[in-house]
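Peer 1: I'd like to go over a predicted model; first the sequence, then the structure.
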There are 2 protein chains.
Amino acid sequence: MTSSSSEPKSRLGEFALIKKLFAPLSKGARGAFDLSDDAAALHLAEDRELVVTVDTVIEGVHFLKDDPADLIARKALRVNLSDLAAKGAAPHGYLLALSVSPWVGDAWLERFAAGLSDDQGRFDVHLLGGDTTAGPGPLTISITALGSVPRHRMIRRAGAVPGDVVYVSGTIGDAGAGLEILRGAGASLSDAQKTQLIARYRLPEPRVSLGAKLQGFASASIDVSDGLIADLAHIAEVSGVAIEIDAARIPLSAAYRALGRREIDGIVRAATSGDDYEIAFTAPLSAHAAVEAAAEEVGLAIARIGDVKAGQGVVLLHNGEPVPVERAGYTHF
Amino acid sequence: MTSSSSEPKSRLGEFALIKKLFAPLSKGARGAFDLSDDAAALHLAEDRELVVTVDTVIEGVHFLKDDPADLIARKALRVNLSDLAAKGAAPHGYLLALSVSPWVGDAWLERFAAGLSDDQGRFDVHLLGGDTTAGPGPLTISITALGSVPRHRMIRRAGAVPGDVVYVSGTIGDAGAGLEILRGAGASLSDAQKTQLIARYRLPEPRVSLGAKLQGFASASIDVSDGLIADLAHIAEVSGVAIEIDAARIPLSAAYRALGRREIDGIVRAATSGDDYEIAFTAPLSAHAAVEAAAEEVGLAIARIGDVKAGQGVVLLHNGEPVPVERAGYTHF
């Protein structure tokens, strides 16, 4: 763990605090050396390979300054665990690159570390190292997550073939609706429904348990962060296939439906709003029973939403007719 | 490789450009999947372990907006390669988390990628993955570097024992002097000397070749980023030893000495200015011939600058007397 700052004098107390707060997060990880070294060491068995991914979240872009610090921390970690899950990887640990802003104080940092601690226990991962910097800009959190899969068995975006079936876990559109509610929408909802949707925006549930099962059947996989259609388009592109989705099969929560979005417009909105952190994957038809068994074991609904065909791109079908989708998801398109 | 932005529409061209510029940097790395997936995969032999480190550089803190983009890129990569070298690790590749500012344009990005490409060839590493975000703040570059060592053989900061000898590679103080020259100092120097010192600030030379040899003899090691005395203090602290340094033995370049800094004040300044990216290490006295042989093979001077003793802290000796050091290095103290 290292640190640097544009204000070496005034930040001393803060860096000491970070050391005090973060070193305990490395307990139990032998190669983290209590964060007292320049680097971490990690050994994997010969038949495993490392899976590594990085995601950055920025104040004002991915979260707001006033969001609870523990939730910011947990979401930053969870979006990375979600990537590992979609690759079929077992999570091991993470590195934290934290660029603190002038407004970040001791209480905020304590709550941030407490959030990480909570989720470390929940997902059995440890902080392996990091870098703390202080700058004049927005708070920026970059997490590198490390996991592993059996050798050559990372589930890729490439791998879907015509004849495969398309699945998605959980429900789609809740996080996007949660963000809308934070901005004032949702007058027709109960408080419990609002809370549920907002929670899905603020604190995604990475499908780590499902990820561990994907090795058994998935031919291609991605976590739904940009939007269901946009992310399936990534699979279609690198797999060199077309994907047809049946709009009526896209799984919507009761709370989402209570927004009055049962019609096709509401379904399109769900499928393009992003931040779901569900897993969308393809599998051969012969694996359908295995997919159903996995869903039961993990305790998570898995919906069969479409089919892989020869061709390219994603087509959303409503009553058998293609529905035009103007914006498939967040950026990219 | 993923991307997100607060301005999804206006950044589309930019993200496409990044994809175009960065995907070629992954060529030759099998597990990078042309940056077309959520994660990278990396396999190590059973007798190796992963060494992983992250460092962030921020506009206005670690570099200036007007610095050449290729040098910013190369320095961001090199400070991480320097960490790997100090751990005795062979570098494999890196992940890039790039948070671009509104002022960053196409030409800047092209030059940034060209800088990475240059150094990838020089140090035999590849881009394995990353995340690109666009935010309102300063340009922020966070690089996670991945390397490997023989199992259980990462050279730690802990490991120095009384009786060991203290060494440092290259020369100390040049980068700090280079920064001063950029700020107007150094009227007494020739243009060539100014250029030399500024280059050491702008483009450190990670001691990767030396790092590969350290396995043979080093008991503890660190790269000099905060300042020689501050970094040796890290070794002293986690090793539970004292370190005595002979000021007269700290290696200074001819250009540094030409600044009129041959006296003890100039030496203290060199030993506390940081950004040297040399390797400071300890080794048993019995390894001295091996250290000298490594220096010759690598073509890099290695100076014997002090001794490890029982006790704690770092003492700088001048004519046998301790010299008070007010500020050991950049932050930390």
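Peer 2: Arrived safely.

Peer 1: hmm, stretch A:48-66 in reach of chain B?
Peer 2: Yes - with CB under 8 Å from any CB of the partner chain as the criterion, chain B is reached by stretch A:48-66 at A:49-58, A:60-62. To be clear about C-beta, it is placed using only N, CA and C from the backbone, and glycine gets the same treatment.

Peer 1: Mind exporting the C-alpha coordinates of that stretch to CSV?
Peer 2: Only the C-alpha atoms of stretch A:48-66 are listed here, as CSV (Å, rounded to 0.1, in the frame of the first residue of the first chain):
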residue,chain,number,x,y,z
ARG,A,48,-6.2,-22.7,-12.2
GLU,A,49,-5.7,-19.4,-14.0
LEU,A,50,-6.1,-15.9,-12.7
VAL,A,51,-9.1,-13.8,-13.8
VAL,A,52,-8.5,-10.1,-13.3
THR,A,53,-10.7,-7.1,-14.0
VAL,A,54,-10.7,-3.4,-13.1
ASP,A,55,-13.6,-0.9,-12.7
THR,A,56,-13.6,2.7,-11.7
VAL,A,57,-16.4,4.7,-10.1
ILE,A,58,-16.2,8.5,-9.9
GLU,A,59,-18.1,10.9,-7.7
GLY,A,60,-20.7,12.8,-9.8
VAL,A,61,-20.7,10.1,-12.5
HIS,A,62,-21.3,6.8,-10.8
PHE,A,63,-22.3,8.0,-7.3
LEU,A,64,-23.1,11.2,-5.5
LYS,A,65,-21.0,12.8,-2.8
ASP,A,66,-24.0,12.5,-0.4
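
Peer 1: From the chain's centroid, how far away is that stretch?
Peer 2: Chain-centre distance of stretch A:48-66: 9 Å, with CA atoms, centre = their mean, to the nearest Å.

Peer 1: Check stretch A:144-162 too.
Peer 2: With CA atoms, centre = their mean, you get 16 Å for stretch A:144-162.

Peer 1: Could you list which residues are in contact with residue A:91?
Peer 2: A:81, A:84-85, A:123-125, A:145-147, A:208 (CB atoms under 8 Å, 6 or more residues apart in numbering or on different chains).

Peer 1: Show me the residues you listed that map onto strands.
Peer 2: Using DSSP state E, the subset of those located in strands is A:145-147.

Peer 1: Now, of these, which are buried?
Peer 2: A:145-147 (16 or more other CB atoms under 10 Å in any protein chain shown).

Peer 1: Rebuild those residues as a markdown table, extending it with distance to chain B and pLDDT.
Peer 2: Shown next, in a markdown table, are those (distance: CB to the nearest CB, whole Å; pLDDT from 0 to 100):
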| residue | distance to chain B | pLDDT |
| --- | --- | --- |
| A:145 | 8 | 98 |
| A:146 | 7 | 98 |
| A:147 | 8 | 98 |
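
Peer 1: Which residue would be the closest one in chain A to chain B?
Peer 2: residue A:137 (2.7 Å; CB to the nearest CB).

Peer 1: Just list whatever residues bridge to residue A:282.
Peer 2: Counting by DSSP bridges, residue A:282 forms beta bridges with residue A:166, residue A:220.

Peer 1: separation between it and residue A:113?
Peer 2: 39 Å (CB to CB, to the nearest Å).

Peer 1: neighbour-wise, which of these two wins?
Peer 2: residue A:282 (30 against 23; other CB atoms under 10 Å in any protein chain shown).

Peer 1: was I right about the more buried one contacting residue A:158?
Peer 2: No - the criterion here is CB atoms under 8 Å, and residue A:282 misses it with residue A:158 at 10.6 Å.

Peer 1: which neighbours do these two share?
Peer 2: A:220, A:235, A:239.

Peer 1: follow-up on the earlier one: give me the buried entries from the contacts of residue A:91.
Peer 2: A:81, A:84-85, A:123, A:125, A:145-147, A:208.

Peer 1: could you say which helix or strand contains residue A:137?
Peer 2: According to DSSP states H and E, residue A:137 maps onto no helix or strand at all.
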